[in-house]
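**Q** Sequence unavailable; structure follows:
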């Protein structure tokens with residue numbers, strides 16, 4: 001995804017809708033199932049993460065992939081995201 005409007009002709013823009021809260025939480029839980037540090041508050045933390053990421057599908061996928069790759073808890077990823085959010089957003 002990107003905010004840039006001037007892509008070359010070889011790039012086709014596809015509009016993605018925001019996910020509903022429940023769908024975003026279900027996605028994060030499923031995407032990281034068996035590949036995250038599980039905690040009793042996973043559903044609540046997944047909801048918080050989805051909200052922080054604006055329910056954006058690609059952002060949720062990237063977060064889910066990072067969590068699964070590194071076996072993080074949602075709380076650990078949230079801490080990292082909150083510490084680096086402003087820096088990351090300058091990239092776009």
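**A** Perfect, thanks for sending it. Keep in mind that what you see is a predicted model, and the values were worked out from it rather than measured. Numbering: from 1, shown residues only.
**Q** Please, where are all the helices along this structure?
**A** Under the criterion DSSP state H, the chain contains helices at 21-31, 42-52, 57-70, 74-90.
**Q** could I get those as a markdown table with mean neighbour count, mean pLDDT and distance to residue 15?
**A** Quick note: C-beta positions are derived from backbone N, CA and C, even for glycine. Shown next, in a markdown table, are those (neighbours: other C-beta atoms under 10 Å; pLDDT from 0 to 100; distance: least, C-beta to C-beta, whole Å):
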| stretch | mean neighbour count | mean pLDDT | distance to residue 15 |
| --- | --- | --- | --- |
| helix 21-31 | 17 | 98 | 17 |
| helix 42-52 | 18 | 97 | 20 |
| helix 57-70 | 17 | 96 | 11 |
| helix 74-90 | 13 | 91 | 21 |
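**Q** Which stretch among those helices approaches residue 12 most closely?
**A** Distance to residue 12, taken as C-beta to C-beta, is lowest for helix 57-70 among the helices of the chain, at 15.3 Å.
**Q** Surely residue 32 and residue 67 touch.
**A** Yes - with contacts counted by C-beta atoms under 8 Å, residue 32 reaches residue 67, the gap being 4.8 Å.
**Q** Now do the shared contacts for the two.
**A** residue 74 (C-beta atoms under 8 Å, 6 or more residues apart in numbering).
**Q** Might you report the residue contacts of the residue most central in space within the chain?
**A** By C-alpha atoms, centre = their mean, the chain has its centre lying nearest to residue 60, at 2.4 Å. Residues counted as contacts of residue 60 (C-beta under 8 Å, 6+ apart) are 19, 24, 27, 28, 31, 50, 53.
**Q** again, only using 7 Å
**A** 19, 24, 27, 28, 50, 53 (C-beta atoms under 7 Å, 6 or more residues apart in numbering).
**Q** Among those residues, which one lies nearest to residue 40?
**A** Closest to residue 40, out of all of these and judged by C-beta to C-beta, is residue 28, at 15.9 Å.
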